[in-house]
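K.L.:
predicted model follows, preceded by the sequence.
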Amino acid sequence: MMSTYKRATLDEEDLIVDDGSSAADEVYQSSRMQVTVRHGRGARCWMERTMAEKVLLGLVCVLSLALFVCVLVLGRFHSSSHPELCLSEACVTVASAVLGALDRSVDPCHDFYNFACGGWVKNNPLPDGKSRWGPFSSLWERNMATMKHLLENSTKEGMSEAERKAQWYYQACMNEAKIESLGAQPLLELINQTGGWALTGPWDKDNFQVVLRTVSARYRTSPFFTVFVSTDSKSSNSNIIQVDQSGLGLPSRDYYLNKTANEKYLKAYLDFLVELGVLLGGSEETSRTLMQEIVDFETALANITVPQEERRDEELIYHKIQAKDLKTLAPAVDWIPFLTEVFAPVELNESEPVVVYAKEYLEKVSDLIKNTNKSLLNNYMMMKVVRKMVSILDQRFQDAEQHFFEVMYGTKKSCTPRWKLCVSDTDSALGFALGALFVKANFAEDSKAIAEDMVLEIKRAFEDSLQYVSWMDPETKKAAMEKAEAIYNMIGYPKFIMEPKELDKVFNDFEVVSDLYFQNVMQYYNFSGRVTADQLRKTPNRDQWSMTPPTVNAYYNPTKNEMVLPAGILQAPFYNRAWPKALNFGGIGVVMGHELTHAFDDQGREYDKDGNLRSWWKNSSVEAFKKQTQCMVEQYSNYSVNQEPLNGRHTLGENIADNGGLNAAYKAYENWVRKNGQEMVLPALGMTNHQLFFIGFAQVWCSVRTPESSHEGIITDTHSPSRFRVIGTVSNSHEFSKHFNCKADSPMNPRKKCELW
């Protein structure tokens, strides 16, 4: 989520200059011709004319000269007050797209989202099989089509071994005949090797610790808690083992705890699990009994899971201990053997430092494990494995999952082409090898330089604004300025993917065959486990990205104090080098500003310029920050979708980033105009470029979504729904109201505005 970029040519620019001056020329030539014609018709020479005629002719000449001077002055005034039209192919095309997305029957000051996106929503019904659709999804589909072509058509000449592995992985995924012939056999063998379960016969084993280690280490599941290696938040130059609460079978704890409101989802989930049980050889009755017990157990887990909005202050939830202390915290698990197997072949001992992010949860889950029947614990662990493997099995399993998604997300049944699943999975497993192919085929190198320059412009604008933040004390402001200056920008792709030897070295330990998909996935789990273990105790690597190059997204990493913008998003509708700067600053510029502002949201602000979690703000500024952000918590909590209110506390970080990102990008655009002068405007829109900036921002978020998906988003997503990412942000912008002439107290121009960065 591929496009080629087309510059506006010199010919097209010259044509625009001619068009802009032709009106003045035409008036001037017309006046001159009238005088000449009269002179030609005259039967007498000048000496023969009477005094009255001479005076009259003199008057005509003076008036003609005056008219000519007026035309020149008016022409100059017109060209200075009305910028020229951009009539290049790129400008005409994008103007048409912008125009088609608008709904001009809506007052932009009343509802800017519907004004900017009303036409788009009418013209874009939700595609079958999709629970949501928008420019992000549309661009990802285009990127996937590009990747499909590269995986199927790239020749072996000049390809690295890693790139060939990506092709083999994709080919194995596409080998449906082989997958169908194997059926459930690969998963059944795996279950038997792990000790079996009570689905197909009596089960009575005392092997909890062994099974927990196996499913966590070999199959990368996290039944009761999750363990991983990541940067130590309080010592950002080293990686450390971290332990946290794990996810559930449904997207959020709310689905289990509010049974009445979520009855249809719980029923669909249970039916899905039962169907999986039957496909794996259990009777309908046994499967239903066993799966109901699993859902009840997950409900108990949901009860002790801490809501995400209560985990936003990382200073409060960070606990560094030694590995041996885990035994005291959660005695139900044999921690040292567990960690040793998960992070093999690294040798661990009891003094290994560990960061725990869910202290109370671990205590409670340990008690829950102790008080739960060993057969149920085993069934639950096996079901976590089964759920993870569903998408790599035959069509019966795919259909079962599809039925569940139809209820869960409100998607209409559709036959999603197999290649889309396989491209997506190849991107997950070998995304940097596939990313190398994608970048070479689809990413102009100067786009990287242009994006880097743009980031610097937005960073400067943010730093300029920081000087005028009234609620922050001077000492904290100085440190904040240093942090903003220190943000490291990663644009397009990590360097190593363009070096075949370096790329091959990364994937050297990943064995891939071209015809056994299930086996390849198992190899990937083993490979990723070894990669994770290898990072332990080492200095975090800037070349290790959390997103692959084709991804249509971006992120900010607080422990590295870096922002990452993959090649996948540096395309239309976010960016095109041939578009007016207003659109680029409103699109990718706001994305850049958004990620930069994450360094100063309610979580990012706790990290200093070196990526360390510590108290570097004065208390007075911390209190002032909380007071300022409370305004946003209340603002967004007053929005609702289908009568379901948003959680302004849960979405606070993203709302801060949305507001700060828009402000920084707008100021950067203003700075660009001051430096370079007004740019040409798009035809047919009747808009200034400042208005176009806000339109470009809003139209990135045009979207359609099922009610079920909206419900899931409100519960789980840290971002506000698209509509409120637009109206929530512009209603806090003085510049928006100025450029759209919004009266005070109109819906998009409330007197009370939430202002932070």
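P.N.:
Ah, there it is. Residues are numbered from 1 along each chain as shown.
K.L.:
against H319, how distant is L326?
P.N.:
11 Å (Cβ to Cβ, to the nearest Å). Placement of C-beta: from N, CA and C, glycine included.
K.L.:
more neighbours, these two?
P.N.:
Using other Cβ atoms under 10 Å as the criterion, L326 and H319 rank with L326 on top: 25 against 15.
K.L.:
residues contacting the more buried one?
P.N.:
V243, V333, W335, V354, V356, L362 (Cβ atoms under 8 Å, 6 or more residues apart in numbering).
K.L.:
check it and give its pLDDT.
P.N.:
We have a pLDDT of 97 for L326.
K.L.:
the closest residue to G587 other than its chain neighbours: neighbour count?
P.N.:
The shortest distance from G587 to any non-neighbouring residue, by Cβ to Cβ, 6 or more residues apart in numbering, is to F574 (4.2 Å). By the criterion of other Cβ under 10 Å, F574 has 25 neighbours.
K.L.:
what is the neighbour count of E284?
P.N.:
11.
K.L.:
what sits against it?
P.N.:
V274, V278.
K.L.:
run through the strands of this protein in chain order.
P.N.:
Along the chain, counting by DSSP state E, strands occupy 132-133, 225-232, 235-245, 319-322, 353-356, 488-492, 555-557, 562-566, 640-641, 644-645, 704-705.
K.L.:
what's the first one packed up against?
P.N.:
It stands for strand 132-133. Packing partners of strand 132-133 (3 or more Cβ pairs under 8 Å, 6 or more residues apart in numbering; DSSP states H and E): strand 704-705.
K.L.:
if we use 10 Å, what do you get?
P.N.:
For strand 132-133, the packing partners by 3 or more Cβ pairs under 10 Å, 6 or more residues apart in numbering; DSSP states H and E come out as strand 704-705, helix 707-716.
K.L.:
mind putting the ones you listed into TSV with mean neighbour count?
P.N.:
Below are the helices and strands packed on strand 132-133 laid out as TSV (neighbours: other Cβ atoms under 10 Å):
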stretch	mean neighbour count
strand 704-705	21
helix 707-716	19
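K.L.:
would you reformat those as a markdown table and include mean pLDDT and distance to A436?
P.N.:
Shown next, in a markdown table, are those (pLDDT from 0 to 100; distance: least, Cβ to Cβ, whole Å):
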| stretch | mean pLDDT | distance to A436 |
| --- | --- | --- |
| strand 704-705 | 96 | 34 |
| helix 707-716 | 95 | 33 |
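K.L.:
quick check: closest non-adjacent residue to H650.
P.N.:
Using Cβ to Cβ, 6+ apart, the closest residue to H650 is E309 (4.2 Å).
K.L.:
ditto for C91
P.N.:
That would be L682: by Cβ to Cβ, 6+ apart, it lies 5.6 Å from C91.
K.L.:
kindly report the same for K130.
P.N.:
T411 (6.3 Å).
K.L.:
can you report phi and psi for that neighbour?
P.N.:
With angles defined as degrees, to the nearest 10, T411 shows backbone torsions of phi -80, psi 150.
K.L.:
can you tell me which residues contact it?
P.N.:
L126, P127, D128, G129, K130, S131, R132, Q402, F405, T706, E708, S709 (Cβ atoms under 10 Å, 6 or more residues apart in numbering).
K.L.:
centre of the chain to stretch 609-623, how far?
P.N.:
In terms of Cα atoms, centre = their mean, to the nearest Å, the centre of stretch 609-623 is set 27 Å apart from its chain centre.
K.L.:
may I see the buried residues of that stretch?
P.N.:
K609, G611, N612, L613, W616, W617, K618, S621 (16 or more other Cβ atoms under 10 Å).
K.L.:
so the third one touches S238, yeah?
P.N.:
No: under the criterion of Cβ atoms under 10 Å, N612 makes no contact with S238, lying 11.1 Å away.
K.L.:
overlap in contacts of those two?
P.N.:
T231, D232.
K.L.:
hmm, L692 and the residue nearest to C91 touching each other?
P.N.:
Yes: L682 lies in contact with L692 (Cβ under 10 Å); the separation is 6.5 Å.
K.L.:
need the residues touching each of these two.
P.N.:
In contact with both L682 and L692: V94, A95, V98, W579, P580, A582, L583, using Cβ under 10 Å, 6+ apart.
K.L.:
among those, which one has the most neighbours?
P.N.:
Most surrounded of these: other Cβ under 10 Å gives L583, at 29 neighbours.
K.L.:
for it, which residues are in contact?
P.N.:
91, 94-95, 98, 572-576, 589, 669, 682, 689, 692-693, 695-697, 699-700.
K.L.:
that one and V306, how far apart?
P.N.:
The value you get for L583 to V306, if Cβ to Cβ is used, is 42 Å.
K.L.:
residue ranges of the helices in the stretch 351-500 of the chain, please?
P.N.:
359-370, 374-389, 395-409, 418-442, 445-466, 474-486, 500-507 (DSSP state H, counting those that start in this stretch).
K.L.:
do you know which of those lies nearest P186?
P.N.:
helix 374-389 (8.0 Å; Cβ to Cβ).
K.L.:
just checking, E314 touches Y607?
P.N.:
Yes: in this structure, E314 is within contact of Y607 by Cβ under 10 Å, at 8.4 Å.
K.L.:
shared neighbours of the two, anything?
P.N.:
S233, K234, P558, L613.
K.L.:
test my guess that the last one contacts D232.
P.N.:
Translated: L613. Yes: proximity of L613 to D232 meets the contact threshold set by Cβ under 10 Å, at 8.8 Å.
K.L.:
what do those two both touch?
P.N.:
Joint contacts of L613 and D232 (Cβ under 10 Å, 6+ apart) are Y318, T559.
K.L.:
centroid residue for this structure?
P.N.:
N553 (3.4 Å; Cα atoms, centre = their mean).
K.L.:
wait, that one sits on V591?
P.N.:
Yes: using Cβ under 10 Å, N553 is in contact with V591, at 9.0 Å.
K.L.:
overlap in contacts, the two.
P.N.:
Looking at what touches both N553 and V591 (by Cβ under 10 Å, 6+ apart), the common residues are L565, I569.
K.L.:
what sits against M522?
P.N.:
P186, L190, R218, Y219, M389, I392, L516.
K.L.:
so how far is E401 from it?
P.N.:
19 Å.
K.L.:
kindly report the same for E712.
P.N.:
Counting by Cβ to Cβ - E712 and E401 are separated by 16 Å.
K.L.:
M389 too?
P.N.:
If you go by Cβ to Cβ, the gap between M389 and E401 works out to 11 Å.
K.L.:
between these two, what contacts are shared?
P.N.:
In contact with both M389 and E401: L276, using Cβ under 10 Å, 6+ apart.
K.L.:
setting the sequence-adjacent residues aside, check what's closest to E712.
P.N.:
P251 (5.6 Å).
K.L.:
any idea how many residues pack against the one you found?
P.N.:
Quick note: P251 (other Cβ under 10 Å) scores 17 neighbours.
K.L.:
contacting residues for it?
P.N.:
Contacts of P251 (Cβ under 10 Å, 6+ apart): Y265, M408, Y409, H711, E712, G713, I715, T716, D717.
K.L.:
correct me, but the first one touches F405?
P.N.:
No: the pair Y265 / F405 is not scored as a contact, 11.1 Å apart, by Cβ under 10 Å.
K.L.:
of these two, who's got more company?
P.N.:
Y265 (21 against 17).
K.L.:
how about low-confidence regions in the protein?
P.N.:
1-82 (pLDDT under 70).
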